[in-house]
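> A structural model of the following input is requested.
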Amino acid sequence: MKFPRSGKEREAEPAPESAQAEQQRLCPQCHAKISSRAKTCLYCGADLVAMAKAEAAQTKAIEREKRAEAAQRPTHIFVIIFMAIAVFVFVAIIIQTSRSASIAALTPTITRTPTRAVLPTATPRATATQTGTPTPVPPLEYTVKNGDTPGRVALLYDVSLQALMTFNGKAEDDLIVVGEVLKIPPPTAQPSNTETPAPETPTPGTPNEVVYIVQPGDTLSGIAEKFKTTVEAIQRRNNITDISKLMPGQQLNISTNATLTPSASSAAAATSGSDSTPTPIVQYAPVKLLTPLDREIFISNTSPILLQWLSSGLLQANELYLVEVERASDIKPISFRTRATSYHLLTDQFPPPGEADRTFKWRVMIIRQAGTGSDSAPTYRVVSPVSESSFEWLDIAPTPTPTATPLPGSRPAVQPTTTPTVTS
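Here you go, the predicted model:
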């Protein structure tokens with residue numbers, strides 16, 4: 001039996017760390033309380049170390065995915081914005097196309113077709129119109145080709161450069177490109193409200209006379225033969241002493257009983273259906289031919305050719321335009337009367353492929369109803385000089401002929417010149 005020692009009692013020593021209550025945790029599998037240092041669950045036998053490693057690996061994988069997603073976020077935003085812009089542009093194009101198609105469907109298409117004017121059999125009374133509007137002439141269109149300049153196009157259609165560029169909404173120093181379509185301003189018609197002779201066209205002196213304007217290349221003998229008269233009669237009537245001094249533009253009073261001018265007599269007689277011979281009276285200046293240009297070339301028969309002219313005055317109720325189109329090989333020329341200032345030469349008149357004669361001559365004059373014939377058909381007389389031009393209608397484009405270039409120092413060949421002989 002031990003007895004306690006006398007003196008102070010010893011202080012109680014602290015319990016060792018292992019003796020303290022251990023911290024506990026829950027098993028991830030069976031949720032039982034286990035030691036925090038346990039490696040295996042005593043209840044379910046789960047491997048706690050392996051489960052801890054798997055949980056750590058899963059946590060690291062989640063963190064990696066978050067970092068990768070954060071790195072790709074700007075790319076995703078850019079793709080979304082790009083796709084939104086593309087969808088917006090596509091929708092805008094569809095809306096614009098639908099709007100253009102709707103406007104085109106609502107815009108009426110005007111097709112100009114020549115109409116034959118039917119005149120009444122009764123002779124209408126010619127009355128002078130004090131006010132009136134001339135037949136409008138639609139503007140011509142010209143497609144710019146390689147090498148064209150604004151000045152060249154203006155010179156080709158006899159208009160000023162300022163008028164051409166202003167008519168197309170451009171400045172004088174603007175450029176034009178190949179394939180661009182330029183609108184040509186039409187010349188301004190000079191209306192005539194009274195039945196007075198046109199400027200520079202005198203009234204014939206007697207009822208059986210016609211005024212003829214001398215053309216380049218005319219001779220007095222040729223004019224006499226054309227009007228079935230003699231050189232002496234023309235000289236005596238116009239006080240001509242020297243027949244070699246006949247000048248282009250000179251006006252001659254010629255006695256004749258012809259119904260129409262020589263270039264229009266046959267066609268007008270065929271259209272009138274009568275042999276009456278009314279007196280020709282020149283009261284209008286010649287009309288101005290607009291299209292086609294003189295000696296212009298057309299290729300293939302894909303579309304009709306538009307003949308277009310500008311009137312020299314306002315037509316009265318009994319006045320028309322007489323249009324004639326012919327070739328040298330035609331037995332009978334095309335003759336047409338109209339009040340319009342244009343005529344479509346249809347593709348039916350296109351010469352067969354390989355035919356040599358492909359030059360068309362066309363002319364326009366103003367005619368006035370003079371009465372009716374025995375068959376009640378109206379008869380006409382020409383009241384303006386004849387305006388004539390020509391064009392070619394080819395089946396294939398012509399092959400350019402090369403021009404020989406003279407060698408340096410060589411002299412070009414001199415072509416002999418012929419002096420026209422005036423025969424009386």
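
> Neighbours of K245, how many?
Using other Cβ atoms under 10 Å, K245 is surrounded by 9 other residues. For every residue, glycine as well, the C-beta is placed using N, CA and C.

> Next up, the contacts around it.
Residues in contact with K245, defined by Cβ atoms under 8 Å, 6 or more residues apart in numbering, are absent; none qualify.

> how about the helices in the stretch 51-200 of the chain?
Taking DSSP state H, counting those that start in this stretch as the test, the helices found in the stretch 51-200 of the chain are 150-156, 161-167.

> Render the CA-only coordinates of stretch 60-74 in PDB, please.
Only the C-alpha atoms of stretch 60-74 are listed here, as PDB (Å, rounded to 0.1, in the frame of the first residue of the first chain):
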ATOM      1  CA  LYS A  60      -8.600  19.800 -61.700                       C
ATOM      2  CA  ALA A  61     -10.500  18.700 -64.800                       C
ATOM      3  CA  ILE A  62     -13.300  21.100 -64.000                       C
ATOM      4  CA  GLU A  63     -10.900  23.900 -63.500                       C
ATOM      5  CA  ARG A  64      -9.200  23.200 -66.800                       C
ATOM      6  CA  GLU A  65     -12.500  23.200 -68.600                       C
ATOM      7  CA  LYS A  66     -13.300  26.600 -67.000                       C
ATOM      8  CA  ARG A  67     -10.000  28.000 -68.100                       C
ATOM      9  CA  ALA A  68     -10.400  26.700 -71.700                       C
ATOM     10  CA  GLU A  69     -14.000  28.100 -71.900                       C
ATOM     11  CA  ALA A  70     -12.800  31.500 -70.600                       C
ATOM     12  CA  ALA A  71     -10.000  31.500 -73.300                       C
ATOM     13  CA  GLN A  72     -12.500  30.700 -76.200                       C
ATOM     14  CA  ARG A  73     -15.200  33.200 -75.000                       C
ATOM     15  CA  PRO A  74     -13.800  36.100 -77.300                       C
END
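
> about what we covered before: how about the helices of the stretch 51-200 of the chain in CSV, adding distance to S311 and mean pLDDT?
CSV is the format used below for those (distance: least, Cβ to Cβ, whole Å; pLDDT from 0 to 100):
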stretch, distance to S311, mean pLDDT
helix 150-156, 22, 82
helix 161-167, 20, 88
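
> Which among the ones you listed is found nearest to K183?
Of all these, it is helix 161-167 that lies closest to K183, at 5.9 Å by Cβ to Cβ.

> and the closest one, what does it pack onto?
Helix 161-167 is packed against helix 150-156, strand 181-184, with contacts defined by 3 or more Cβ pairs under 8 Å, 6 or more residues apart in numbering; DSSP states H and E.

> any idea of the pLDDT on P278?
At P278 the predicted local confidence, pLDDT, stands at 39.

> does T347 really touch W393, like I thought?
No - using Cβ atoms under 8 Å, T347 is not in contact with W393, being 9.6 Å away.

> With neighbour numbers in mind, choose between those two.
Between T347 and W393, counted using other Cβ under 10 Å, W393 has the larger neighbour count: 21 against 13.

> quick one: contacts for that one?
When the contact criterion is Cβ under 8 Å, 6+ apart, the partners of W393 are 298, 301, 305, 350-351, 358, 360.

> let's go with 6 Å and repeat that
Under the criterion of Cβ atoms under 6 Å, 6 or more residues apart in numbering, the contact partners of W393 comprise 298, 358.

> Wasn't it part of a strand?
Yes - the assignment for W393, made by DSSP: H, G, I helix; E, B strand; the rest coil, places it in a strand.

> about what we covered before: of the helices and strands packed on helix 161-167, which is nearest V87?
Distance to V87, taken as Cβ to Cβ, is lowest for strand 181-184 among those, at 35.8 Å.

> Flag every buried residue along the closest one.
Residues of strand 181-184 classed as buried under the neighbour-count rule (16 or more other Cβ atoms under 10 Å) are 182, 184.

> And stretch 74-83, by the same measure?
Residues of stretch 74-83 classed as buried: none (neighbour count, 16+ other Cβ under 10 Å).

> So what touches that stretch?
Under the contact criterion Cβ under 6 Å, 6+ apart, stretch 74-83 has no outside partners.

> In the sheet, which strands lie alongside the strand ranked longest in the chain, parallel or antiparallel?
In the chain, assigned by DSSP state E, the strand with the most residues is strand 359-372. Strand 359-372 sits in its sheet next to strand 319-326 (antiparallel), strand 378-382 (antiparallel), strand 387-394 (antiparallel), going by DSSP bridges.
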